[in-house]
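J.: pasting the structure only:
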């Protein structure tokens, strides 16, 4: 089944404790993105990647890191989480910037930083 | 920079009534517009894209470049249409991914 998976689905952590949220897709997509979803703000892009070893900042990259060492994986790293990073995070993948290109979303990771 | 505005956070209609979810955008170039939907406890998924001019689940949306709008419409709402709807924009041909609006929670009442 073609899909985007994220782990963990739920995470509660404390301020400053490094964490990684994994994202994997099995559709051989080149493009992958991370978004955060907050009430009243919709989805905001954190980082995106156009291919292996090619990443760029989105709208809200502060406090986050990403890496793309393999085509299928795009982990999101919070080196020193803070309470304002409490949010619902979505990973997405797509074929590329072709016309009408559809993004496929993961199930989401709900992160709470205390 | 591009911007997408969905003026209604919440919208309630009765079953069988017409529904219109508003989306306005600002972008100086040529945009691609999309509607994504998130049903309760499900992941976000594409509903329709302006480039396809398609009708999905009875929904349609027309890109109005003069008014910079991409409103989503359905003539007869169904209870199963209750969901969160997001309008999204991407500059045509851009590698950058989508810019989303803040979303509209649609509730269709019985």
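T.: Happy to help now that I have it. Owing to the predicted nature of the structure, the values given are computational and were not obtained by experimental measurement.
J.: Quick one: residues contacting residue 36.
T.: Assuming you mean chain A. When contacts are counted by C-beta atoms under 8 Å, 6 or more residues apart in numbering or on different chains, residue A:36 is found next to A:43, A:44, A:46, A:60, A:85, A:87, A:88, A:89, A:90. From N, CA and C alone the C-beta is placed, and that goes for glycine too.
J.: That was the other one, I meant chain B.
T.: By C-beta under 8 Å, 6+ apart, residue B:36 lies in contact with A:103, B:44, B:45, B:46, B:47, B:85, B:86, B:88, B:100.
J.: so what's it scoring on pLDDT?
T.: Residue B:36 carries a pLDDT score of 95 in this model.
J.: Helix or strand: which one has it?
T.: Counting by DSSP states H and E, the element that carries residue B:36 is strand B:31-38.
J.: Determine how far that strand lies from the middle of the whole chain.
T.: Distance of strand B:31-38 from its chain centroid, counting by C-alpha atoms, centre = their mean, to the nearest Å, is 6 Å.
J.: Starting from the helix or strand following it, tell me which strands it pairs with and how they run.
T.: Downstream of strand B:31-38, the first helix or strand assigned by DSSP H and E is strand B:45-49. Using DSSP bridges, the neighbouring strands of strand B:45-49 in the sheet come out as strand B:31-38 (antiparallel).
J.: By neighbour count, which bits of the partner strand are buried? Give me those.
T.: Judged by neighbour count (16 or more other C-beta atoms under 10 Å in any protein chain shown), strand B:31-38 contains these buried residues: B:31, B:32, B:33, B:34, B:35, B:36, B:37, B:38.
J.: List only those of the contacts of residue A:36 flagged as buried.
T.: By neighbour count, with 16+ other C-beta under 10 Å, the contacts of residue A:36 hold A:43, A:44, A:46, A:60, A:85, A:87, A:89, A:90 as buried.
J.: which of those are close to chain B?
T.: If you filter the buried ones among the contacts of residue A:36 for contact with chain B, counting by C-beta under 8 Å from any C-beta of the partner chain, you are left with A:43, A:44, A:90.
J.: Out of the residues you listed, the closest to residue B:12 would be?
T.: Nearest to residue B:12, judged by C-beta to C-beta, of those is residue A:43 at 22.8 Å.
J.: I'd guessed the closest one sits against residue A:35; true?
T.: Yes - using C-beta atoms under 8 Å, residue A:43 makes contact with residue A:35 at a distance of 4.3 Å.
J.: Report the set of residues contacting both of these two.
T.: When contacts are counted by C-beta under 8 Å, 6+ apart, residue A:43 and residue A:35 have A:90, B:100 as shared neighbours.
J.: just the helices in chain B please.
T.: Assigned by DSSP state H, the helices in chain B number zero.
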